[in-house]
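>>> Provided below are the primary sequence and the corresponding predicted coordinates.
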Amino acid sequence: MARLNLLEETRFEKLPVSVFENPKKASLSVAHRIANLIKLKQSQNAMAVLGLATGATPIAVYAELVRLHKEEGLSFKNVVTFNLDEYYPMQPNAAQSYVTFMNENLFNHIDIDKNNVNIPDGTLKLEEIPAFCLDYEKKISDVGGLDIQILGIGRTGHIGFNEPGSAPNSGTRLVTLDDLTKRDAARDFGGKSFVPSKAITMGIGTIFKAREIILMAWNRKKASIIKKAVEGEISSEVPATYLQLSEHVEFILDKDAASLLTRFDTPWLVKDCVWDEMLTRKAVIWLANTLQKPILKLTEDDFNNHGMAQLALEKGPVYNINIHIFNKLQHTITGWPGGKPNADDSQRPERAEPAKKSVLIFSPHPDDDVISMGGTFIRLVDQQHDVHVAYQTSGNTAVWDDDALRFVEFSIDFAKKMGLGQDALQSIYDNMRTFIDQKLPNQIDTPEIQTVKGLVRKGEAIAGARYCGLEDDHIHFMALPFYESGKSQKNPVTDLDIQITIELLQKVKPQQVFAAGDFEDPHGTHIVCFNIILAALTELRKTESWAQDCWLWMYRGAWHEFPTHEIEMAVPLSPQELEKKKYAIFKHQSQKDRAVFPGDDSREFWKRAEDRNRETAKAYDDLGLSEYEAMEAFVRWKF
């Protein structure tokens with residue numbers, strides 16, 4: 001019976017999927033499967049042939065294999081490896097090379113015979129590549145074929161570098177990279193223009209010959225493409241869908257990557273549900289959006305015809321369900337983000353008391369505060385709360401080189417005009433100019449350049465916060481050490497990052513904290529910064545009574561809004577307030593027109609923020625609630 005229930009629950013899924021609580025547990029599972037294969041082959045006096053992948057996804061798998069080697073004696077002397085792909089052209093010692101990646105994450109730490117390591121050669125002449133690719137296929141065949149192939153998945157649905165349009169029987173070959181793939185790689189190369197346009201990759205037909213195929217994916221950034229790969233029709237537009245044709249494939253996902261699969265996203269379509277408050281709200285909003293009806297116009301037939309008959313039966317009549325959800329949504333709307341003084345707060349998102357709160361807004365980058373919650377920021381100041389803003393990182397990797405030079409040129413000219421000595425400035429400028437003229441893609445800036453870029457962003461942040469109404473002593477620059485690596489790859493978080501945060505929290509003693517809960521930030525800084533705040537508050541809550549009464553509100557950044565059913569506080573903005581927010585964003589001139597790392601959205605940050613705030617307001621309007629110009633949305637973190 002349990003198996004029948006599982007089949008019903010997964011009937012939309014066209015291949016086997018295993019879902020783990022988090023990437024760590026999933027990675028350990030994959031690593032131990034590989035280790036067991038190696039041991040089995042050792043017992044048979046045979047070679048284990050592994051197909052390996054690169055990128056962030058398999059790093060924890062490789063780390064566990066290294067641990068098994070060092071601590072439990074797992075030997076790799078009977079292992080032959082074939083990597084999926086390599087950029088072309090690419091020198092093997094380049095920082096972005098997959099040779100470098102594999103050496104740093106696996107091969108340099110185990111006892112594998114380097115003669116048994118095979119990675120496509122990014123240094124070949126063009127005319128040499130076809131013969132190399134045929135030889136690569138022959139090598140795989142000569143050792144008996146791949147025992148296991150591990151894969152990640154790109155946002156285009158590529159496996160290896162088999163981009164949209166790839167044929168299911170394709171072999172190892174030279175391919176042209178999709179523009180989205182290049183945008184995703186831009187941070188590693190110091191800009192999209194430096195990403196190679198081509199790569200050598202195993203073909204889909206080559207991958208299919210493996211006796212076992214494991215595709216891994218973590219986090220919500222992959223959820224959309226995973227849904228297409230698992231539940232969509234087979235199509236060359238999503239090459240991973242070809243894996244539906246294999247009898248030897250399994251997708252290994254964490255909960256976030258699996259979150260858009262039908263059994264998790266709209267479970268009422270496949271099984272009986274436990275209808276708690278959140279699931280009821282999600283289902284009713286989903287139904288209203290699906291039918292393009294306001295909530296209060298949904299009928300019993302609508303529920304019954306869309307998998308929600310159980311909800312109607314258990315919680316009905318339907319109109320009462322509609323009224324309940326409508327009222328809950330209405331109660332999230334407030335013009336008083338710090339709480340309305342002397343008001344009944346039982347149906348409001350924030351407490352009425354204390355009437356004037358101490359508020360601390362954390363901003364991961366120097367512009368996230370105004371981009372994400374600029375309207376609410378201004379509203380909190382206008383309503384006379386004691387508002388502080390804390391910029392967690394310098395943002396010094398996201399300033400153009402010519403902007404840095406321009407500011408130093410201004411300083412030199414200013415010194416000349418004011419009759420001040422400028423020899424030292426001129427020397428620094430000359431050194432900067434020489435370095436920038438010879439700078440390699442993604443090369444770490446000199447300390448002087450890093451300082452200038454950090455000061456550029458600091459000045460902009462001060463201008464933005466002042467525009468929102470803050471005095472200078474309420475503007476804090478934390479310069480958390482984890483960020484200050486001078487490169488896109490940041491340092492690990494340490495106790496010092498948390499201690500700096502604890503000290504600021506103890507100084508301000510806020511009743512309200514706002515933090516970036518935008519965990520789909522493509523650069524990863526937001527979730528790192530959020531986890532530091534969470535660790536600091538968790539520690540303080542053990543001993544500090546004020547911390548136990550501190551509420552933590554999450555806002556979203558420049559990429560995605562919270563789903564409507566998750567929003568717990570929606571702050572409406574008038575046309576004038578939206579315009580004022582836009583001017584606060586304009587203070588960040590180095591990020592205007594074209595940011596260094598814009599993600600895959602070509603709109604300027606002010607435009608993204610404006611459009612998103614309007615879309616949030618429209619989402620409420622479409623459900624039958626009041627029509628506003630724009631809204632900023634927040635979700636409260638529950639300790």
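Good, I have the coordinates.
>>> ok, now how distant is His388 from Ile412?
35 Å (C-beta to C-beta, to the nearest Å). Where C-beta positions appear, they are placed from N, C-alpha and C, glycine not excepted.
>>> These two: who's more crowded?
In this view His388 and Ile412 are compared by other C-beta atoms under 10 Å, and His388 has more residues nearby, 22 against 17.
>>> secondary structure class for the more buried one?
Under DSSP: H, G, I helix; E, B strand; the rest coil, the three-state class of His388 is strand.
>>> quick one: contacts for it?
Counting by C-beta atoms under 8 Å, 6 or more residues apart in numbering, His388 touches 358-361, 470, 474-476, 508, 510.
>>> So what pairs up with it in the strands?
For His388, the beta-bridge assignment (DSSP bridges) gives partners Leu360.
>>> For the stretch 451-600 of the chain, which segments count as helices?
Using DSSP state H, counting those that start in this stretch, the helices found in the stretch 451-600 of the chain span residues 495-508, 525-540, 545-548, 575-586.
>>> Please indicate which of the contacts of His388 are buried?
358-361, 470, 474-476, 508, 510 (16 or more other C-beta atoms under 10 Å).
>>> Looking at the residues you listed, which is nearest Glu615?
Of all these, Glu615 sits closest to Ile361, with 22.7 Å by C-beta to C-beta.
>>> Give me the pLDDT value at the closest one.
pLDDT for Ile361: 98.
>>> what sits against it?
Taking C-beta under 8 Å, 6+ apart, we find Ile361 in contact with 369, 373, 377, 387-390, 513-514.
>>> okay, the residues you listed in JSON lines with distance to Cys133 and pLDDT next?
Converted to JSON lines, these look like this (distance: C-beta to C-beta, whole Å; pLDDT from 0 to 100):
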{"residue": "Asp369", "distance to Cys133": "51", "pLDDT": "97"}
{"residue": "Met373", "distance to Cys133": "51", "pLDDT": "97"}
{"residue": "Phe377", "distance to Cys133": "55", "pLDDT": "98"}
{"residue": "Val387", "distance to Cys133": "60", "pLDDT": "98"}
{"residue": "His388", "distance to Cys133": "59", "pLDDT": "98"}
{"residue": "Val389", "distance to Cys133": "55", "pLDDT": "98"}
{"residue": "Ala390", "distance to Cys133": "53", "pLDDT": "98"}
{"residue": "Val513", "distance to Cys133": "55", "pLDDT": "98"}
{"residue": "Phe514", "distance to Cys133": "53", "pLDDT": "98"}
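>>> would TSV of the residues you listed with distance to Gly624 be doable?
Formatted as TSV, these follow (distance: C-beta to C-beta, whole Å):
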residue	distance to Gly624
Asp369	32
Met373	26
Phe377	29
Val387	34
His388	38
Val389	36
Ala390	39
Val513	33
Phe514	29
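>>> which one of the residues you listed sits closest to Leu134?
The closest of those, once distances to Leu134 are taken by C-beta to C-beta, is Asp369, at 55.8 Å.
>>> what's the nearest residue to the closest one if we skip its chain neighbours?
Excluding the flanking residues, the one nearest Asp369 by C-beta to C-beta, 6 or more residues apart in numbering is Ser363, at 3.9 Å.
>>> Tell me the spacing between that neighbour and Ala515.
9 Å.
>>> Any stretches of the stretch 51-200 of the chain with poor pLDDT?
Low-confidence segments of the stretch 51-200 of the chain (pLDDT under 70): none present.
>>> Sketch out the helices for it, chain order is fine.
Counting by DSSP H, counting those that start in this stretch, the helices of the stretch 51-200 of the chain are 59-72, 98-105, 129-142, 179-189.
>>> Could you double-check that Ile200 sits in contact with Thr172?
Yes - A contact is recorded between Ile200 and Thr172 when judged using C-beta atoms under 8 Å, the distance being 7.1 Å.
>>> any idea which helix or strand carries Leu405?
helix 401-417 (DSSP states H and E).
>>> what angle do the helix or strand following that helix and helix 401-417 make?
Once the chain leaves helix 401-417, the next helix or strand it forms, by DSSP H and E, is helix 423-437. Here the directions of helix 423-437 and helix 401-417 differ by 160 degrees (axes from the mean of the first three to the mean of the last three C-alpha atoms, to 10 degrees).
>>> List the buried residues of helix 423-437.
Within helix 423-437, the residues that count as buried by 16+ other C-beta under 10 Å are 425, 428-429, 432, 436.
>>> Just name the closest of the residues you listed to Lys297, please.
For those, the nearest to Lys297 is Ile436 (61.1 Å; C-beta to C-beta).
>>> and that closest one, what does it touch?
So Ile436 contacts 401, 404-405, 449 (C-beta under 8 Å, 6+ apart).
>>> Quick check: Val381 is in a helix.
Yes - assignment of Val381 by three-state DSSP places it within a helix.
>>> can I assume it is in contact with Gly469?
Yes - using C-beta under 8 Å, Val381 is in contact with Gly469, at 3.7 Å.
>>> anything in contact with each of the two?
Val387.
>>> And the helices in the stretch 201-350 of the chain?
Going by DSSP H, counting those that start in this stretch, the stretch 201-350 of the chain shows helices at 204-208, 223-231, 262-265, 277-291, 300-304, 309-315, 318-332.
>>> Between the ones you listed, which one is closest to Tyr483.
With C-beta to C-beta as the yardstick, what comes closest out of the helices of the stretch 201-350 of the chain is helix 223-231 (26.9 Å).
>>> Just name whatever secondary elements that closest one is in contact with.
With contacts taken as 3 or more C-beta pairs under 8 Å, 6 or more residues apart in numbering; DSSP states H and E, helix 223-231 sits against strand 249-254.
>>> what mean pLDDT does the strand it packs on have?
97.
>>> for that strand, packing partners?
strand 17-20, helix 23-43, strand 213-217, helix 223-231.
>>> switch the cut-off to 6 Å
In this structure, strand 249-254 packs against strand 17-20, helix 23-43, strand 213-217, with contacts taken as 3 or more C-beta pairs under 6 Å, 6 or more residues apart in numbering; DSSP states H and E.
>>> quick one: terminal-to-terminal distance for stretch 478-494?
14 Å (C-alpha to C-alpha, to the nearest Å).
>>> what's the distance between it and the middle of its chain?
Between the centre of stretch 478-494 and the centre of its chain there are 17 Å (C-alpha atoms, centre = their mean, to the nearest Å).
>>> contacting residues around it?
Residues from elsewhere that reach stretch 478-494 (C-beta atoms under 6 Å, 6 or more residues apart in numbering): 187, 390, 392-394, 444-445, 450, 496-497, 500.
>>> now those as JSON lines including neighbour count and distance to Trp553?
Listed next are the contacts of stretch 478-494 as JSON lines, based on neighbours: other C-beta atoms under 10 Å; distance: C-beta to C-beta, whole Å:
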{"residue": "Arg187", "neighbour count": "21", "distance to Trp553": "29"}
{"residue": "Ala390", "neighbour count": "23", "distance to Trp553": "14"}
{"residue": "Gln392", "neighbour count": "31", "distance to Trp553": "16"}
{"residue": "Thr393", "neighbour count": "26", "distance to Trp553": "20"}
{"residue": "Ser394", "neighbour count": "25", "distance to Trp553": "24"}
{"residue": "Ile444", "neighbour count": "15", "distance to Trp553": "36"}
{"residue": "Asp445", "neighbour count": "21", "distance to Trp553": "35"}
{"residue": "Gln450", "neighbour count": "19", "distance to Trp553": "32"}
{"residue": "Leu496", "neighbour count": "11", "distance to Trp553": "26"}
{"residue": "Asp497", "neighbour count": "23", "distance to Trp553": "21"}
{"residue": "Ile500", "neighbour count": "18", "distance to Trp553": "21"}
